[in-house]
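Student: sequence-free structure coming up:
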């Protein structure tokens with residue numbers, strides 16, 4: 001008789017980098033990076049010779065914004081799944 005590969009009593013183990021705490025810490029760092037890049041955009045627009053380098057803080061702002069939104073959506077989905085599980089138990 002073969003052993004079950006996926007028994008029902010086991011919980012799925014989330015890696016440490018995908019825990020709620022690490023996601024909140026990462027969102028905090030990403031918001032700091034986003035604000036830093038917005039400051040860089042304003043500074044680059046102050047001098048005419050720096051206008052051609054606005055793409056660097058601009059791309060940093062876009063990437064950190066997309067990652068922040070992605071992680072926020074992930075946390076919201078987890079929260080909703082937990083709420084649904086709690087409703088099913090009650």
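Tutor: Received the coordinates, thanks. The model shown is predicted, which means the values in this text are computed figures rather than measured ones.

Student: tell me the mean pLDDT for stretch 29-48?
Tutor: Mean per-residue pLDDT for stretch 29-48: 95.

Student: Next, count neighbours for residue 57.
Tutor: Per other Cβ atoms under 10 Å, the neighbour tally for residue 57 reads 19. No exception for glycine: its C-beta is placed from N, CA and C like everyone else's.

Student: how about the helices in the protein?
Tutor: Taking DSSP state H as the criterion, the chain carries its helices at 20-46, 55-89.

Student: which helices and strands does the last one pack with?
Tutor: Contact partners of helix 55-89 among helices and strands, from 3 or more Cβ pairs under 8 Å, 6 or more residues apart in numbering; DSSP states H and E: helix 20-46.

Student: go on, the shortest one?
Tutor: Packed against helix 20-46, as judged by 3+ Cβ pairs under 8 Å, 6+ apart, are the following elements: helix 55-89.

Student: Now do the helix it packs on, average pLDDT.
Tutor: Mean per-residue pLDDT for helix 55-89: 92.

Student: how about it: buried residues?
Tutor: 57, 60-61, 64-65, 67-68, 71 (16 or more other Cβ atoms under 10 Å).

Student: Please produce CSV containing those, extended by distance to residue 47.
Tutor: Shown next, in CSV, are the buried residues of helix 55-89 (distance: Cβ to Cβ, whole Å):
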residue, distance to residue 47
57, 14
60, 19
61, 19
64, 24
65, 25
67, 29
68, 29
71, 34
